[in-house]
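Student: When you get a sec, could you give me coordinates for this:
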Amino acid sequence: MQESAILSELDLAIINALQIRPRGEWSRIGAALGITGATAARHWERLTRERLAWIATMPGPRFGDAGHTAHVFLSASPSHHTELAERLCQEPAAATVTRVTGGHDFRVDCFTGTQESLDQIVSERFSSLPGVMRTETAYVTRVHRQSSSWRSGILDQRQSRSVSADSAATPSRRTAFDAVDSALLDALGDDGRRSWAELAALCAVSPQTARRRVEQHLASGYLVLRCEFATSAGLPVREASLILNVPGRHLEAAGRYMAGLPDCRVSVEVFSVHNLVATFWVHDLNEIHAYERELEARAPGTVVFSRSVTLRTYKRVGHILDREGRSVGRVPLPMWRRG
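Tutor: Next up is the predicted model:
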């Protein structure tokens, strides 16, 4: 792999390690990469200082047990695209905002604590934004793969196993959610590698309480930590999505097939005029055609509702991005604010 002009091969390896273990000890990550823990920490400090990489907090695979998720597709007049993108980025429930090709102009991934709040955002706030001509909502009903499961593949199998190995006992799951949890997860959202002592000081609890509660929420699957990076500075990938209508008898198998592809970032079943959405990071868009042909063989009767390419990502999991994909701000997700 060619070295990026901004991210070195070592930078990319550290990012891959943190995709596997976002709060991994620097000593373990350094040992897996053949460097000291101090060197690994120093590289990460530069990446975060220059806004080239960060650890994001996002709803986990079990979020749907208590919360609600939807993909909202918007069509808007071209003269309002810039203003609309800015307004969408300021909506806390709009976790990810992208400008896309295909049948719509924008795709917005929304997370809310209640169905009522989600419906209000879509039917009232989004539809009244400048230039919006049409909205279409796809409610997520089953998650086969989240973007937090995607790996860049820089590390070899031995290195990956070394980073991921863990002998610690799995903490109990936490289902309660109060003001202390809200504060902890907000603070963690600003910096997913904050120490337990830092989180404790910010939230007026003991380091033991901070660690116990965060680890319990992670164990519950309610939230996950995800290592993000500015793709323009690293891997030369393009984001593309297939929006599909799959016969009901094949839907689950089709979702699992998409989820098993190494390029797949997201594979979810949805309730809308279509029923499956799959998003990929690929080096060549021709790869998507190959996946499409294989899916049609596995699930006869599948119809491609839309194909889209992401032209620009304005916001990703609460982090506002500049044109180079750097994190330049954050709008906290609303589900962290309860109690």
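Student: which residues sit in contact with the residue nearest to residue 226 when sequence neighbours are not counted?
Tutor: Sequence neighbours aside, residue 148 is the residue nearest to residue 226 in space, at 4.3 Å (criterion: C-beta to C-beta, 6 or more residues apart in numbering). Every residue, glycine included, has its C-beta placed from N, CA and C. Residues counted as contacts of residue 148 (C-beta atoms under 8 Å, 6 or more residues apart in numbering) are 58, 60, 224-226.
Student: Same question for residue 142.
Tutor: Per C-beta under 8 Å, 6+ apart, neighbours of residue 142: 252, 255, 268-269.
Student: show me the residues around residue 237 that make contact.
Tutor: Counting by C-beta under 8 Å, 6+ apart, residue 237 makes contact with 231, 281-283.
Student: And the residues you listed, which is the shakiest by pLDDT?
Tutor: Least confident by pLDDT among these: that is residue 231, with 82.
Student: Could you check how many residues crowd around that one?
Tutor: Other residues within reach of residue 231, judged by other C-beta atoms under 10 Å, total 17.
Student: Please, where are all the helices along the chain?
Tutor: Applying DSSP state H to the chain gives helices spanning 9-20, 26-33, 37-49, 81-89, 115-120, 157-164, 179-190, 196-203, 207-220, 251-260, 286-298.
Student: Tell me the pLDDT of residue 168.
Tutor: Reading off the model, residue 168 has pLDDT 60.
Student: can you check the one 3 residues further on too?
Tutor: According to the predicted model, the pLDDT of residue 171 comes to 73.
Student: thinking residue 308 is in contact with residue 107, fair?
Tutor: Yes: between residue 308 and residue 107 there is a contact under C-beta atoms under 8 Å: 7.3 Å.
Student: Show me whatever sits in contact with both of those two.
Tutor: Common contacts of residue 308 and residue 107 (C-beta under 8 Å, 6+ apart): 100, 241.
Student: Compare these two and say which is more crowded by neighbours.
Tutor: residue 107 (24 against 20).
Student: Now do the contacts for the more buried one.
Tutor: 71-74, 96-98, 100, 241, 308.
Student: ditto for residue 41
Tutor: Residues near residue 41 by C-beta under 8 Å, 6+ apart: residue 26.
Student: hmm, try it at 10 Å
Tutor: Going by C-beta atoms under 10 Å, 6 or more residues apart in numbering, residue 41 touches 14, 25-27, 29-30, 193.
Student: any chance of these in CSV, with neighbour count, distance to residue 211 and pLDDT too?
Tutor: Formatted as CSV, these follow (neighbours: other C-beta atoms under 10 Å; distance: C-beta to C-beta, whole Å; pLDDT from 0 to 100):
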residue, neighbour count, distance to residue 211, pLDDT
14, 29, 23, 97
25, 13, 14, 95
26, 20, 17, 96
27, 13, 18, 96
29, 25, 19, 97
30, 20, 22, 97
193, 18, 13, 95
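Student: Which one of these is nearest to residue 325?
Tutor: residue 14 (17.4 Å; C-beta to C-beta).
Student: Just to check, that closest one is in contact with residue 43?
Tutor: Yes: using C-beta atoms under 10 Å, residue 14 is in contact with residue 43, at 5.5 Å.
Student: shared neighbours of these two, which are they?
Tutor: Shared contacts of residue 14 and residue 43 (C-beta under 10 Å, 6+ apart): 7-8, 26, 30, 33, 35, 53.
Student: first vs last residue of stretch 245-262, how far apart are they?
Tutor: End-to-end distance of stretch 245-262 (C-alpha to C-alpha, to the nearest Å): 22 Å.
Student: cool, stretch 215-231 as well?
Tutor: With C-alpha to C-alpha as the measure, what separates the two termini of stretch 215-231 is 29 Å.
Student: Tell me how far it lies from the chain's centre.
Tutor: Mean-position distance between stretch 215-231 and its chain equals 9 Å (C-alpha atoms, centre = their mean, to the nearest Å).
Student: Near residue 179, how many other residues are there?
Tutor: Residues near residue 179, counting by other C-beta under 10 Å: 11.
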